[in-house]
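Q: Quick one, structure for this:
(one chain, ligands or ions: 1)
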Amino acid sequence: MLSTATKAIRLIMHLRKMGISDTDVLSAIERVPRDLFVPEDQKDQAWEDIALPIGRGQTISQPYVVATMTQALELNDMDKVLEIGTGCGYQAAILARVARRVYTIERHKPLLEDSEKRFNELNIRNITAICADGMQGWPKMNGMEQAPFDKIIVTAAARGKPPEALLDQLKPGGIMVIPVGEPGNQMLKRYERFSDDTWSVSDICPVRFVPLLPDIASDREAVA
Ligand code: SAH
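A: A predicted model of the protein is given here:
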């Protein structure tokens, strides 16, 4: 049996070979214990470069995709980041090591609660997580506005284009990374905002994500 440290280094070497070069991103992936984010019966595969089921029909992304998306955000330690689709919280934990502050939204309450437990266990203090419809952007709470954000990452696929509310919440000078397209034909896209109404859009790579869905998930949907 390989030790966790050996498995982690093996994964980092693999990601380097695949073209991930941002050392902050690589070191975050090496340090965040992915085995804590996956179900008990998947733990022996936690350091493999594969997506894994996390319950409620959702998945934790493949490390290569997490690394590619995080690298594309060009993060620095001053950045305030919005994530849509907390899932098991793994991507948020990676972001939290590279950015100043992470705001993350999940529509399945039980997934969100489990993620918050993990953040506490790992003593991660710069993530704020809520259960809401992320397609609406980060809500104003107690009169406090967090938008606009330096960077936005969406970890579920938008059908045609990014939700308007998310485009609105990106700062001029900011970057959004989001999978766009129908199931089976999705492209990871990078939107850069230069000013209020000037943008550039580029393709990063084909990906496979669960769809971005509206509203908070009902209990019935969660069981289905
Ligand atoms: N980033 C996650 C993986 C996300 S899987 C991780 O590291 O584990 C995609 C997640 O997006 C799912 O949990 C799904 O419930 C959530 N999701 C889909 N549509 C959403 C929406 N409108 N608002 C918030 N979360 C959403």
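
Q: Next to the ligand, which bits of this protein? Give me the list.
A: Residues of the chain lying close to the ligand by C-beta under 6 Å from any ligand atom are 58-61, 84-85, 87-88, 90-91, 105-108, 111, 133-135, 155-156, 210, 212-214. In this view, the C-beta of every residue, glycine as well, is placed from N, C-alpha and C.

Q: so where's the longest strand in the chain?
A: Secondary structure of the chain read by DSSP state E shows that its longest strand is strand 170-182.

Q: next structured bit after it?
A: Moving toward the C-terminus from strand 170-182, the next helix or strand (DSSP states H and E) is strand 185-195.

Q: Check which element follows that next one along the chain.
A: Using DSSP H and E, the helix or strand that directly follows strand 185-195 along the chain is strand 198-207.

Q: tell me which residues in that next one are buried?
A: Of all the residues in strand 198-207, those buried under the rule 16 or more other C-beta atoms under 10 Å are 204, 207.

Q: mind saving the C-alpha coords of it as PDB?
A: Output of strand 198-207 as PDB, limited to C-alpha atoms (Å, rounded to 0.1, in the frame of the first residue of the first chain):
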ATOM      1  CA  THR A 198     -16.100  44.600 -23.300                       C
ATOM      2  CA  TRP A 199     -15.400  40.900 -23.000                       C
ATOM      3  CA  SER A 200     -13.300  38.200 -24.600                       C
ATOM      4  CA  VAL A 201     -14.300  34.600 -24.700                       C
ATOM      5  CA  SER A 202     -12.000  31.600 -25.400                       C
ATOM      6  CA  ASP A 203     -12.300  27.800 -25.300                       C
ATOM      7  CA  ILE A 204     -10.100  25.900 -22.800                       C
ATOM      8  CA  CYS A 205     -11.000  22.200 -23.400                       C
ATOM      9  CA  PRO A 206     -14.000  19.800 -23.800                       C
ATOM     10  CA  VAL A 207     -15.400  18.700 -20.400                       C
END
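
Q: Now do it: which elements does it pack against?
A: Strand 198-207 makes packing contacts with helix 63-72, strand 185-195 when contacts are defined by 3 or more C-beta pairs under 8 Å, 6 or more residues apart in numbering; DSSP states H and E.

Q: can you give me the helices for the protein?
A: Taking DSSP state H as the criterion, the chain carries its helices at 4-17, 23-31, 63-72, 90-98, 109-121, 164-168, 219-223.

Q: Pick the most buried one from the helices and strands packed on strand 198-207.
A: Sort the helices and strands packed on strand 198-207 by mean neighbour count, taking mean count of other C-beta atoms under 10 Å, and helix 63-72 sits at the top with a mean of 23.

Q: and it, what other elements does it pack with?
A: Using 3+ C-beta pairs under 8 Å, 6+ apart, the elements in contact with helix 63-72 are helix 4-17, helix 23-31, helix 90-98, strand 170-182, strand 185-195, strand 198-207.
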